[in-house]
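Sequence first, then the predicted structure, then my questions.
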Amino acid sequence: MELSLLIPYPSPSPRLLFSPLKPSPLLRLHPRRNPPLVLRRRCCSRRISLLRCSAAAPSVATSAAADDAKPSAFGARKELSPLQAVVDALSPPARLASSAVLAAAAIAAGYGLGLRLGGTRAAAIGGAAVLGAAGGAVVYALNASVPEVAAANLHNLVASYDDPAALNREDVESILKKYGVKKEDEAFRAELCDLYSRFVSSVLPPGAEDLKGNEVETIIKFKAALGIDDPDAANVHMEIGRRIFRERLETGDREADMEQRKAFQKLIYVSNLVFGEASTFLLPWKRLFRVTDSQVDIAIRENAKRLYAFKLQSVGRNIDAKQLIDLRKAQLLYRLSDEIAAEMFREHTRKLIEENISTALEILKSRTKALRGSKVVIEELEKVLVLNELLISLSKHAEAAQFAPGVGPISLLGGEYDGDRKIGDLKLLYRAYAGEAFPNGRLDEKKLVALNHLRNIFGLGKREAEAIMLDITSTLYRKRLAKSFNTELAEAPSKAAFLQNLCEELHFDPENASKIHEEIYRQKLQQFVADGELSKEDVESLMSYQVRLCIPQQTVDAAHAEICSRLFEKVVKDAIASGVEGYDAEVRASVRKAAQGLRLKKEDAMAIASKAVRRVFLNYVQRARGAGNRIETAKELKKMIAFNTLVVTELISDIKGESTTLPTEPVSSEPEQIVEEKEEDEWESLQTLRKTRPSKELEAKLGKPGQTEITLKDDLPFRERADLYESYLLFCITGEVTVVPFGAQITTKKDNAEYLLLNQLGGILGLTNKEVVDIHIKFAEQAFTKRAEVILADGQLSKARIEQLAEVQKQVGLPGEYAQKVIKNITTTKMAAAIETAVNRGRIGIQQVRELKEANVDLDSMISVTLRENIFRKTVEEIFSSGTGVFDEHEVYEKIPADLSIDAEKAKGIVQELAKTRLENSLVQAVALLRQRNRDGVVASLNDMLACDTAVPSEPLSWSSPQELDDLYCSYLKSIPKPEKLSRLQYLLGISDEKASMLQDAAAQGALPMGNEEEEEEFAF
């Protein structure tokens, strides 16, 4: 912003303003071109400041009429100077004539005065020129004051109006016409700007006061009446903005600063509305005041919202289409967006219904609420619904497009009652209104629609509203049901039809009705079984409830199972808690009474008892696991066995109503019996297992054996149950052991009767006969294995060792097949170690492998795959170094891999790898042996090379000395080979057919050429 615009210009002196020698700058003309817009604005600003200072100065002449004038926003009346008074009195023609007469008179007087004083014509002309110039100056001053006189009269005219808005364009035009001036004259333009500035400043509310809404229209009307141009008017607005901006910079008070900020925002808003689209280039807010476009938008939006809010205050509950159309016009006039206008309209309607809701809540929560108070609550809610219905109907109006935005259903979202803290109050109101929707015990259809609207207004969820309605209808349904249970319902021919009609009248879900029926039945059942049993009358009463309420039998059974089971479970827990010593006749009588009096099914009663008993069993098991040693573990398991025999067995007998004197047959399935028959020999051979079977005399002494119906089979995994059984079995075998000094152990107590408890422990743990047998066999097998490993330390079997093993088998009682399996595993393991050692040392080849296989030795488990592949590799190397030249593909690629159980493709890869390497090595070896004159070695090496070539066909080989290749061919030719081998060797050594024929002919004649004829040796070098 330019600082020069913020500095007020000093007021020029009145003497200079009317000086005939130096005309005022306001009257300076620019005949060639118009000044730029910015210069014109600056000049206008300067003129406004000048005129304000001039208006503030005291006038030269005053009158009595001016003293009595009424003060206005435009200041006091302006008094005319004598010269201006003369100009004001003359009409334009008279003023022109007077100017001509005055100029002529001055010239004539000067001519006469010069002639008189000078006596010459030249002096007369000089005098005429001097007085003519003076007269011209007077005439110029007279005509120059015309715009000022017109401006003064315009000011007095506007100031004379009580309401400046009453000024019209014709009044201003008449003044212009009267004085023959134009609006473009500087003095008149300055007065127009000053009047417009004073009017705008008076119209805009001061400080933080809000706009009234008519400011824009008033300013536009006054502006049109003055006829001021838009650039000059815009400059006035900018000058007012500078004044507000200077005051804001000069103030030190925070509140004053905020007031000036709001005043500046109001000026921006009003100015933009006054000039419309032209405000973008007429009002440079951003350039002069460093404000952003967003700040301008905020100023416009906030003031538009205040004006629209003031307009909304006139909207009440009886809103009509005309009001909505007027609101739309006001919104467009205020330049408020549709989104903000819609939100403000919804907020206004929300506040209207919030008043009703607050009143209704105040009455509803009042402790002194009477019947009239309840009616008032409903009336307030009805007002809310009426307003909501009116707005819904208006949103569907034919002229809805011309209405203010936001017309539609009301919602409390975003208002005072939007939040979790207020949702409880809204539910209370909804419940109160829903309670009045059943005037005669039936739901009113009209109220149902109103309830849906009220739910939407309150913002309640569907489930929340349904829960409230369910609570109300459930209460009403219970009342109607209780009233008609022994009358209408009892006499109804169809109970289901009666209940269905009752649900339809209340709009009550039949499923919820069924739940209420079940709840009623459960309550009655709990009342009847409070004394611990159901009498015949109780059963008949419950049957009547079941029939009249149409309760399914499965629901009845489930209720009995739950309620009676809970009571029976308490009785069973008390009986179990009494312990081994406390389970007396009184406790048994209570169990029998509960089992029979509660009319539970045997299966349900046994399930309850099983759950409680198994929980106690698990406690014993947990203590056994936490014991410090094997002896303490066995003691805890003994307690569990005693509890099972003395408490659980009697408890099951009491539940079933059986006599305790009759022995029960052991429960066993047919598959288990078959297992027992097949393993009879094992029962006889295993001593530990045979001891668990009591004799008939011992069974008579022990009495009734422990029960086996309730077990831990489904509560513990088999591994844990087997560990517990094995732990007690080990205790039975070793007995109680005492540790003496120096680490020695002494068996202090050992009783074979422990095996009988072991049998009962197997039943408690839910182990089958087969599982028990397997555990005993495992123990016997472990004992036999330890003794057999000592006997068969070297893995060799002899007659004496076989007799020793038979004696050990007899001692531990291990069946023969298990003993043979152990012996085989030991010998196999020892043999496998020996075989692996022989393979690593190279003492086992393919021939030995085949012999072992013929002896039914499982080599696959004894020799690893890597070792078998090494055997194959060594076998192939032997074939390629045998010197025979024979390579049997079937033998190498199929039979040998099959015997060694290795992959055929992998074996083929090994052969090819060895053949490629061995082929070149064989040629080198043959040449070396040739040089050593070892003819047999040469032939063997060439045969090895041919064997490698058979496995992997090769290209002709290269050698540095062709003569040596010829000698190799001759040496092989002397061994009388097969033609095909000789031909293949010729190809590999690269010997031509002519040379080969020559060598063969020489051999036939017995005169093979030697490499060095001077040597007498057989070979030449």
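Received, thanks. Numbers count the residues shown, from 1 in each chain.

show me where the stretch 301-450 of the chain has helices.
Across the stretch 301-450 of the chain, reading from the start of the chain, the helices by DSSP state H, counting those that start in this stretch fall at 321-334, 338-364, 371-395, 420-435, 445-458.

Go through those and name the closest to Leu919.
When these are compared for distance to Leu919 using CB to CB, the nearest one is helix 420-435, at 91.4 Å. (C-beta placed from N, C-alpha, C; glycine too.)

where does that closest one sit relative to the chain's centre, distance-wise?
Mean-position distance between helix 420-435 and its chain equals 32 Å (CA atoms, centre = their mean, to the nearest Å).

Okay, buried residues for that helix please.
Buried residues in helix 420-435, counted by 16 or more other CB atoms under 10 Å: 422-423, 425-430, 432-434.

Check stretch 817-825 too.
Neighbour counts over stretch 817-825 (16+ other CB under 10 Å) mark 818-819, 822-823 as buried.

how about those, which pair is most distant?
Distances among those were taken as CB to CB; the most separated pair is Tyr818 and Ile823, at 9.9 Å.

ok, back up a step: out of the buried residues of helix 420-435, which comes closest to Gly628?
Of all those, the one with the least separation from Gly628 (CB to CB) is Ile423, at 61.0 Å.

before we move on, the earlier item: tell me which entries of the buried residues of stretch 817-825 lie within helices.
Filtering the buried residues of stretch 817-825 for membership in helices, criterion DSSP state H, returns 818-819, 822-823.

May I see those residues arranged in TSV, with pLDDT and distance to Ser411 as well?
TSV is the format used below for those (pLDDT from 0 to 100; distance: CB to CB, whole Å):
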residue	pLDDT	distance to Ser411
Tyr818	77	85
Ala819	76	90
Val822	77	86
Ile823	72	91
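
Kindly indicate which of those residues lies nearest Leu765.
Distance to Leu765 across those (CB to CB) is lowest for Tyr818, with 23.4 Å.

what about the nearest residue to that closest one once chain neighbours are set aside, how many residues close to it?
Nearest residue to Tyr818, sequence neighbours excluded (CB to CB, 6 or more residues apart in numbering): Glu781, at 5.6 Å. The number of residues packed around Glu781, counting by other CB atoms under 10 Å, is 19.

Mind telling me what element Glu781 is part of?
helix 769-791 (DSSP states H and E).

Show the average pLDDT along that helix.
Helix 769-791 shows an average pLDDT of 81 in the prediction.

buried stuff in it?
With burial defined by 16+ other CB under 10 Å, the residues of helix 769-791 counted as buried are 769, 772-773, 775-777, 779-781, 783-785, 787-788, 791.

packing partners for that helix?
For helix 769-791, the helices and strands in contact under the criterion 3 or more CB pairs under 8 Å, 6 or more residues apart in numbering; DSSP states H and E are helix 670-678, helix 680-685, helix 687-691, helix 718-734, helix 799-812, helix 816-841.

So what angle separates the directions of it and helix 718-734?
When axes from the mean of the first three to the mean of the last three CA atoms, to 10 degrees is applied, the directions of helix 769-791 and helix 718-734 differ by 60 degrees.

Grab the CA positions of helix 769-791 and hand them over as PDB.
The C-alpha coordinates for helix 769-791 follow below in PDB (Å, rounded to 0.1, in the frame of the first residue of the first chain):
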ATOM      1  CA  ASN A 769      -8.300-103.300  27.600                       C
ATOM      2  CA  LYS A 770      -6.100-103.100  24.500                       C
ATOM      3  CA  GLU A 771      -4.500 -99.900  25.700                       C
ATOM      4  CA  VAL A 772      -3.800-101.400  29.100                       C
ATOM      5  CA  VAL A 773      -2.300-104.500  27.500                       C
ATOM      6  CA  ASP A 774      -0.100-102.300  25.300                       C
ATOM      7  CA  ILE A 775       1.200-100.400  28.300                       C
ATOM      8  CA  HIS A 776       2.100-103.700  30.200                       C
ATOM      9  CA  ILE A 777       3.700-105.000  27.000                       C
ATOM     10  CA  LYS A 778       5.700-101.800  26.700                       C
ATOM     11  CA  PHE A 779       7.100-102.200  30.200                       C
ATOM     12  CA  ALA A 780       8.000-105.900  29.600                       C
ATOM     13  CA  GLU A 781       9.500-105.000  26.300                       C
ATOM     14  CA  GLN A 782      11.700-102.300  27.900                       C
ATOM     15  CA  ALA A 783      13.000-104.800  30.500                       C
ATOM     16  CA  PHE A 784      13.700-107.400  27.900                       C
ATOM     17  CA  THR A 785      15.500-105.000  25.700                       C
ATOM     18  CA  LYS A 786      17.900-103.900  28.400                       C
ATOM     19  CA  ARG A 787      18.800-107.500  29.100                       C
ATOM     20  CA  ALA A 788      19.000-108.500  25.400                       C
ATOM     21  CA  GLU A 789      21.300-105.600  24.500                       C
ATOM     22  CA  VAL A 790      23.800-106.900  27.100                       C
ATOM     23  CA  ILE A 791      23.600-110.500  25.800                       C
END
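
and it, how far from the chain's centre?
Taking CA atoms, centre = their mean, one finds helix 769-791 lying 60 Å from the centre of the chain it belongs to.

repeat for stretch 438-446
For stretch 438-446, the distance from its own C-alpha centre to the chain's C-alpha centre is 45 Å (CA atoms, centre = their mean).

go on, stretch 932-950?
For stretch 932-950 - counting by CA atoms, centre = their mean - the centre lies 80 Å from the chain centre.

Buried ones in it, by neighbour count?
Residues of stretch 932-950 classed as buried by neighbour count (16+ other CB under 10 Å): 934-935, 937-950.

Which ones among those residues lie within helices?
Among the buried residues of stretch 932-950, the members found in helices (DSSP H) are 935, 937-950.

I'd say His560 and Ala605 touch.
No. Distance between His560 and Ala605: 11.7 Å, which falls outside the contact criterion (CB atoms under 8 Å).

report the angle between the axes of the helix holding Glu781 and helix 816-841?
For helix 769-791 against helix 816-841, the angle by the same axes, to 10 degrees is 50 degrees.

Can you report how many residues lie near the nearest residue to Gln331 once chain neighbours are set aside?
Nearest non-adjacent residue to Gln331, counting by CB to CB, 6+ apart: Ala341, 4.7 Å away. In terms of burial, Ala341 registers 23 neighbours under the definition other CB under 10 Å.

thinking Ala341 is in contact with Pro405, fair?
Yes. Under the contact definition of CB under 8 Å, Ala341 touches Pro405, with a separation of 5.1 Å.

Show me whatever sits in contact with both of these two.
Residues touching both Ala341 and Pro405 (CB atoms under 8 Å, 6 or more residues apart in numbering): Gln331.

Return the member of the ones in helices among the buried residues of stretch 932-950 nearest to Val924.
Sorting these by how near they are to Val924, with CB to CB, puts Ser941 at the top with 8.7 Å.

The closest one contacts Ala926, doesn't it?
Yes. Between Ser941 and Ala926 there is a contact under CB under 8 Å: 3.7 Å.

Fine by me, thanks again.
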